[in-house]
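Novice: Pasting a predicted model and its sequence here:
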Amino acid sequence: MADDIRRWSDELARDPASLAFLPLGEALRRQGQVDMARRVALRGLERHPHQPDAHDLLARIHVDAGELQQAFDEWDMALRIAPDHTGSLKGMAFVCYQQGRFAESEEYLRRAALGETPDAGISAALDTVRRSSATLSAADVAAADAAIHDPHDPRLVFLAALEAPDRTALLLDASGLVLAGAYYTPDGQDIAPDVGAQLSGVSDEADRATRHLGIGEWRSIVFETEVAVVAMAPAAGDGLLVLAASRATPLGLLRRLLDRCAAAARTWLDRQGGGA
(Lines give C-alpha, C1' and ligand atoms only; values in the text may rest on other atoms or scores of the structure.)
Protein backbone atom coordinates (compact mmCIF):
# COMPACT_ATOMS: atom_id res chain seq x y z
CA MET A 1 0.00 0.00 0.00
CA ALA A 2 2.83 2.42 0.83
CA ASP A 3 4.36 1.79 -2.60
CA ASP A 4 1.02 2.47 -4.29
CA ILE A 5 0.56 5.70 -2.36
CA ARG A 6 4.03 6.82 -3.37
CA ARG A 7 3.40 5.90 -7.03
CA TRP A 8 0.05 7.73 -7.17
CA SER A 9 1.55 10.76 -5.41
CA ASP A 10 4.40 10.87 -7.93
CA GLU A 11 1.92 10.64 -10.80
CA LEU A 12 -0.07 13.58 -9.42
CA ALA A 13 3.12 15.57 -8.99
CA ARG A 14 3.97 14.98 -12.66
CA ASP A 15 0.42 15.61 -13.86
CA PRO A 16 -1.88 17.51 -11.44
CA ALA A 17 -4.83 16.80 -13.77
CA SER A 18 -4.37 13.02 -13.42
CA LEU A 19 -7.20 10.91 -12.01
CA ALA A 20 -4.64 9.23 -9.76
CA PHE A 21 -6.11 11.33 -6.95
CA LEU A 22 -9.01 8.84 -6.81
CA PRO A 23 -7.04 5.72 -5.77
CA LEU A 24 -4.66 7.90 -3.73
CA GLY A 25 -7.47 9.47 -1.72
CA GLU A 26 -9.11 6.08 -1.18
CA ALA A 27 -5.85 4.52 0.00
CA LEU A 28 -5.26 7.36 2.46
CA ARG A 29 -8.84 7.06 3.70
CA ARG A 30 -8.47 3.34 4.30
CA GLN A 31 -5.30 4.00 6.29
CA GLY A 32 -7.21 6.41 8.53
CA GLN A 33 -5.48 9.52 7.17
CA VAL A 34 -8.82 11.29 6.79
CA ASP A 35 -7.52 14.88 6.70
CA MET A 36 -4.93 14.07 4.04
CA ALA A 37 -7.48 12.11 2.02
CA ARG A 38 -9.87 15.07 2.22
CA ARG A 39 -7.22 17.46 0.87
CA VAL A 40 -6.44 15.11 -2.02
CA ALA A 41 -10.14 14.71 -2.87
CA LEU A 42 -10.84 18.45 -2.75
CA ARG A 43 -7.86 19.25 -4.97
CA GLY A 44 -9.03 16.61 -7.41
CA LEU A 45 -12.55 18.01 -7.44
CA GLU A 46 -11.20 21.45 -8.26
CA ARG A 47 -9.91 20.03 -11.54
CA HIS A 48 -12.66 17.46 -12.08
CA PRO A 49 -15.90 18.95 -10.68
CA HIS A 50 -18.04 16.72 -12.92
CA GLN A 51 -16.34 13.44 -11.99
CA PRO A 52 -18.93 11.38 -10.00
CA ASP A 53 -16.27 9.10 -8.52
CA ALA A 54 -14.58 12.16 -7.03
CA HIS A 55 -17.78 13.20 -5.26
CA ASP A 56 -18.20 9.58 -4.13
CA LEU A 57 -14.69 9.60 -2.66
CA LEU A 58 -15.28 12.84 -0.77
CA ALA A 59 -18.61 11.50 0.52
CA ARG A 60 -16.94 8.41 1.99
CA ILE A 61 -14.35 10.64 3.63
CA HIS A 62 -17.19 12.68 5.17
CA VAL A 63 -18.71 9.46 6.55
CA ASP A 64 -15.40 8.49 8.16
CA ALA A 65 -15.36 11.92 9.79
CA GLY A 66 -18.93 11.43 11.06
CA GLU A 67 -20.30 14.10 8.69
CA LEU A 68 -23.33 12.23 7.36
CA GLN A 69 -25.22 15.20 5.91
CA GLN A 70 -22.17 16.41 3.99
CA ALA A 71 -21.69 12.86 2.70
CA PHE A 72 -25.31 12.71 1.57
CA ASP A 73 -24.94 16.02 -0.27
CA GLU A 74 -21.83 14.81 -2.11
CA TRP A 75 -23.53 11.58 -3.16
CA ASP A 76 -26.53 13.62 -4.29
CA MET A 77 -24.18 15.70 -6.44
CA ALA A 78 -22.69 12.55 -7.95
CA LEU A 79 -26.16 11.30 -8.85
CA ARG A 80 -26.98 14.58 -10.55
CA ILE A 81 -23.98 13.91 -12.79
CA ALA A 82 -24.49 10.14 -13.14
CA PRO A 83 -28.03 9.07 -12.08
CA ASP A 84 -27.10 5.37 -12.02
CA HIS A 85 -23.89 5.73 -9.97
CA THR A 86 -24.12 2.61 -7.81
CA GLY A 87 -21.68 3.73 -5.12
CA SER A 88 -23.62 6.91 -4.54
CA LEU A 89 -26.96 5.09 -4.38
CA LYS A 90 -25.54 2.69 -1.80
CA GLY A 91 -24.02 5.57 0.14
CA MET A 92 -27.27 7.53 0.29
CA ALA A 93 -29.06 4.36 1.38
CA PHE A 94 -26.52 4.00 4.18
CA VAL A 95 -27.07 7.57 5.42
CA CYS A 96 -30.85 7.21 5.29
CA TYR A 97 -30.63 3.94 7.22
CA GLN A 98 -28.43 5.51 9.88
CA GLN A 99 -31.01 8.30 10.25
CA GLY A 100 -33.92 5.87 10.53
CA ARG A 101 -35.33 6.82 7.09
CA PHE A 102 -35.90 3.22 6.09
CA ALA A 103 -38.30 3.77 3.17
CA GLU A 104 -35.86 6.13 1.48
CA SER A 105 -32.98 3.76 2.18
CA GLU A 106 -34.87 0.92 0.54
CA GLU A 107 -35.65 3.01 -2.53
CA TYR A 108 -31.98 3.92 -3.05
CA LEU A 109 -31.00 0.28 -2.67
CA ARG A 110 -33.68 -0.77 -5.17
CA ARG A 111 -32.15 1.61 -7.70
CA ALA A 112 -28.64 0.34 -6.91
CA ALA A 113 -29.79 -3.25 -7.44
CA LEU A 114 -30.71 -2.40 -11.05
CA GLY A 115 -27.03 -2.04 -11.92
CA GLU A 116 -25.46 -4.29 -14.53
CA THR A 117 -23.18 -6.10 -12.06
CA PRO A 118 -24.93 -8.34 -9.47
CA ASP A 119 -24.04 -7.30 -5.92
CA ALA A 120 -24.84 -9.67 -3.08
CA GLY A 121 -24.10 -6.87 -0.62
CA ILE A 122 -27.00 -4.83 -1.98
CA SER A 123 -29.38 -7.77 -1.57
CA ALA A 124 -28.25 -8.27 2.02
CA ALA A 125 -28.63 -4.56 2.73
CA LEU A 126 -32.14 -4.60 1.27
CA ASP A 127 -33.10 -7.48 3.57
CA THR A 128 -31.77 -5.55 6.58
CA VAL A 129 -33.64 -2.36 5.67
CA ARG A 130 -36.88 -4.22 5.03
CA ARG A 131 -36.67 -5.93 8.41
CA SER A 132 -35.98 -2.58 10.07
CA SER A 133 -38.86 -0.79 8.35
CA ALA A 134 -41.36 -3.61 8.84
CA THR A 135 -41.85 -2.81 12.51
CA LEU A 136 -40.52 -0.55 15.23
CA SER A 137 -37.96 -2.57 17.13
CA ALA A 138 -38.62 -3.54 20.72
CA ALA A 139 -35.43 -1.72 21.68
CA ASP A 140 -36.81 1.54 20.29
CA VAL A 141 -40.06 1.03 22.18
CA ALA A 142 -38.22 0.32 25.42
CA ALA A 143 -35.98 3.37 25.00
CA ALA A 144 -38.94 5.60 24.25
CA ASP A 145 -40.83 4.26 27.25
CA ALA A 146 -37.83 4.90 29.51
CA ALA A 147 -37.55 8.46 28.19
CA ILE A 148 -41.21 9.14 28.97
CA HIS A 149 -41.03 7.86 32.51
CA ASP A 150 -37.63 9.18 33.52
CA PRO A 151 -35.65 11.57 31.29
CA HIS A 152 -32.64 11.11 33.62
CA ASP A 153 -32.62 7.33 33.26
CA PRO A 154 -28.95 6.19 33.06
CA ARG A 155 -29.95 3.82 30.27
CA LEU A 156 -30.33 6.87 28.03
CA VAL A 157 -26.94 8.48 28.72
CA PHE A 158 -25.58 7.58 25.26
CA LEU A 159 -28.77 8.00 23.24
CA ALA A 160 -27.87 11.39 21.75
CA ALA A 161 -24.27 10.39 21.03
CA LEU A 162 -25.24 7.20 19.18
CA GLU A 163 -27.74 8.87 16.83
CA ALA A 164 -29.00 5.60 15.29
CA PRO A 165 -30.98 2.56 16.48
CA ASP A 166 -28.38 0.00 15.37
CA ARG A 167 -25.81 1.16 17.96
CA THR A 168 -25.52 0.67 21.69
CA ALA A 169 -23.09 1.63 24.44
CA LEU A 170 -22.41 0.63 28.04
CA LEU A 171 -20.39 2.14 30.85
CA LEU A 172 -19.13 -0.51 33.27
CA ASP A 173 -17.33 -0.21 36.58
CA ALA A 174 -14.22 -2.22 37.48
CA SER A 175 -16.28 -5.26 38.47
CA GLY A 176 -18.47 -5.26 35.36
CA LEU A 177 -21.46 -3.55 36.99
CA VAL A 178 -23.46 -1.48 34.48
CA LEU A 179 -23.36 2.19 35.43
CA ALA A 180 -25.03 3.60 32.31
CA GLY A 181 -26.34 2.54 28.93
CA ALA A 182 -28.36 -0.46 27.83
CA TYR A 183 -28.08 -3.45 25.54
CA TYR A 184 -31.42 -4.57 24.13
CA THR A 185 -32.09 -7.80 22.27
CA PRO A 186 -34.54 -7.74 19.32
CA ASP A 187 -37.35 -8.86 21.65
CA GLY A 188 -36.79 -5.89 23.96
CA GLN A 189 -34.85 -7.60 26.76
CA ASP A 190 -32.06 -5.55 28.33
CA ILE A 191 -29.10 -7.93 28.67
CA ALA A 192 -26.65 -5.24 29.76
CA PRO A 193 -25.97 -6.89 33.16
CA ASP A 194 -25.04 -10.16 31.44
CA VAL A 195 -22.77 -8.37 28.97
CA GLY A 196 -21.12 -6.47 31.83
CA ALA A 197 -20.50 -9.65 33.76
CA GLN A 198 -18.85 -11.28 30.74
CA LEU A 199 -16.59 -8.27 30.21
CA SER A 200 -15.53 -8.02 33.83
CA GLY A 201 -11.74 -7.85 33.99
CA VAL A 202 -11.22 -6.92 30.32
CA SER A 203 -9.69 -3.57 31.24
CA ASP A 204 -7.24 -5.25 33.63
CA GLU A 205 -6.28 -7.77 30.95
CA ALA A 206 -5.65 -4.96 28.46
CA ASP A 207 -3.48 -3.15 31.03
CA ARG A 208 -1.42 -6.29 31.65
CA ALA A 209 -1.01 -6.96 27.94
CA THR A 210 0.19 -3.45 27.12
CA ARG A 211 2.61 -3.45 30.07
CA HIS A 212 3.98 -6.80 28.94
CA LEU A 213 4.48 -5.49 25.40
CA GLY A 214 5.91 -2.20 26.59
CA ILE A 215 3.70 -0.10 24.32
CA GLY A 216 2.27 2.29 26.90
CA GLU A 217 -1.23 2.60 28.30
CA TRP A 218 -4.08 1.31 26.19
CA ARG A 219 -6.58 3.82 24.83
CA SER A 220 -9.00 1.77 22.76
CA ILE A 221 -9.58 -1.61 21.16
CA VAL A 222 -11.62 -2.17 17.99
CA PHE A 223 -12.62 -5.57 16.65
CA GLU A 224 -15.17 -7.09 14.28
CA THR A 225 -17.60 -9.95 14.87
CA GLU A 226 -19.99 -11.70 12.49
CA VAL A 227 -22.78 -9.22 13.26
CA ALA A 228 -21.15 -6.06 14.64
CA VAL A 229 -18.08 -3.91 15.12
CA VAL A 230 -17.16 -3.30 18.74
CA ALA A 231 -14.94 -0.67 20.34
CA MET A 232 -13.78 -0.51 23.95
CA ALA A 233 -11.94 2.17 25.92
CA PRO A 234 -10.88 2.55 29.55
CA ALA A 235 -13.16 4.66 31.76
CA ALA A 236 -12.85 6.36 35.13
CA GLY A 237 -12.15 4.21 38.16
CA ASP A 238 -10.77 1.26 36.15
CA GLY A 239 -14.09 1.06 34.35
CA LEU A 240 -14.80 0.17 30.75
CA LEU A 241 -16.72 1.87 27.94
CA VAL A 242 -18.18 -0.49 25.33
CA LEU A 243 -19.66 0.54 21.99
CA ALA A 244 -21.28 -1.82 19.48
CA ALA A 245 -22.58 -0.91 16.02
CA SER A 246 -23.62 -2.63 12.80
CA ARG A 247 -20.85 -4.02 10.59
CA ALA A 248 -21.78 -1.39 7.99
CA THR A 249 -20.36 1.31 10.28
CA PRO A 250 -17.02 2.66 8.96
CA LEU A 251 -14.19 2.33 11.47
CA GLY A 252 -13.50 6.07 11.31
CA LEU A 253 -17.09 6.78 12.32
CA LEU A 254 -16.89 4.11 15.03
CA ARG A 255 -13.92 5.91 16.58
CA ARG A 256 -15.78 9.22 16.53
CA LEU A 257 -18.80 7.58 18.15
CA LEU A 258 -16.53 6.15 20.83
CA ASP A 259 -15.16 9.64 21.53
CA ARG A 260 -18.70 11.02 21.80
CA CYS A 261 -19.74 8.26 24.16
CA ALA A 262 -16.64 8.84 26.28
CA ALA A 263 -17.53 12.53 26.55
CA ALA A 264 -21.11 11.64 27.49
CA ALA A 265 -19.83 9.21 30.11
CA ARG A 266 -17.53 11.82 31.66
CA THR A 267 -20.36 14.36 31.81
CA TRP A 268 -22.70 11.85 33.40
CA LEU A 269 -20.10 10.74 35.96
CA ASP A 270 -19.41 14.36 36.88
CA ARG A 271 -23.10 14.87 37.54
CA GLN A 272 -23.15 11.75 39.71
CA GLY A 273 -20.20 13.03 41.75
CA GLY A 274 -17.83 10.40 40.35
CA GLY A 275 -16.02 12.56 37.80
CA ALA A 276 -13.52 11.11 35.36
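Specialist: The structure has been received and is ready for your questions.

Novice: now the strands for this structure?
Specialist: All strands of the chain, identified by DSSP state E, fall at 167-172, 178-181, 221-224, 228-235, 239-246.

Novice: Return the most buried member of these.
Specialist: strand 167-172 (a mean of 25; mean count of other C-beta atoms under 10 Å). For the C-beta atoms, the positions are set from N, CA and C on the backbone; glycine is no exception.

Novice: and the angle from it to strand 228-235?
Specialist: Interaxial angle, strand 167-172 versus strand 228-235 (axes from the mean of the first three to the mean of the last three C-alpha atoms, to 10 degrees): 30 degrees.

Novice: sorry, back to before: right, and the strands of the chain - which one's nearest residue 40?
Specialist: strand 221-224 (24.5 Å; C-beta to C-beta).

Novice: Okay, now the unreliable bits of the stretch 1-150 of the chain?
Specialist: Of all residues in the stretch 1-150 of the chain, those with pLDDT under 70 make up the ranges 1, 116-120, 131-150.

Novice: switch to 90 and redo it
Specialist: Where the stretch 1-150 of the chain drops to pLDDT under 90, the residues are 1-5, 29-34, 63-68, 94-103, 106, 113-150.

Novice: where exactly do the helices run in it?
Specialist: Here the stretch 1-150 of the chain has its helices, by DSSP state H, counting those that start in this stretch, at 2-14, 21-30, 34-47, 52-64, 68-81, 86-98, 102-113, 120-134, 138-149.

Novice: buried residues in the third one?
Specialist: This points to helix 34-47. 34, 36-38, 40-41, 44-45 (16 or more other C-beta atoms under 10 Å).

Novice: ok, the closest residue to residue 170 other than its chain neighbours to residue 208 distance?
Specialist: Sequence neighbours aside, residue 181 is the residue nearest to residue 170 in space, at 4.0 Å (criterion: C-beta to C-beta, 6 or more residues apart in numbering). The spacing between residue 181 and residue 208, counted by C-beta to C-beta, to the nearest Å, is 25 Å.

Novice: same check, this time on residue 104
Specialist: According to C-beta to C-beta, residue 104 and residue 208 sit 48 Å apart.

Novice: Looking only at neighbour counts, state which of those two leads.
Specialist: residue 104 (17 against 12; other C-beta atoms under 10 Å).

Novice: gap between the more buried one and residue 231?
Specialist: Taking C-beta to C-beta, one finds residue 104 at 28 Å from residue 231.

Novice: what do you get for residue 244?
Specialist: From residue 244 to residue 231 the distance is 8 Å (C-beta to C-beta).

Novice: same check, this time on residue 65
Specialist: On the measure of C-beta to C-beta, residue 65 and residue 231 end up 16 Å apart.

Novice: Over to residue 264?
Specialist: In terms of C-beta to C-beta, residue 264 sits 14 Å off from residue 231.

Novice: do residue 92 as well
Specialist: Going from residue 92 to residue 231 by C-beta to C-beta gives 25 Å.

Novice: now residue 86
Specialist: To residue 231, residue 86 is 29 Å away according to C-beta to C-beta.

Novice: For residue 81, which residues are in contact?
Specialist: 50-52, 55 (C-beta atoms under 8 Å, 6 or more residues apart in numbering).

Novice: Now, of the residues you listed, which are buried?
Specialist: 51-52, 55.

Novice: List just the nearest of the residues you listed to residue 172.
Specialist: residue 55 (41.6 Å).

Novice: care to break the protein down by domain?
Specialist: 2-134, 138-272 (automatic domain parsing).

Novice: centre of the chain versus the shortest one, how much separation?
Specialist: Going by C-alpha atoms, centre = their mean, to the nearest Å, the spacing between the C-alpha centre of domain 2-134 and its chain's C-alpha centre is 15 Å.

Novice: Mind pulling up the pLDDT for residue 236?
Specialist: On pLDDT, residue 236 comes in at 85.
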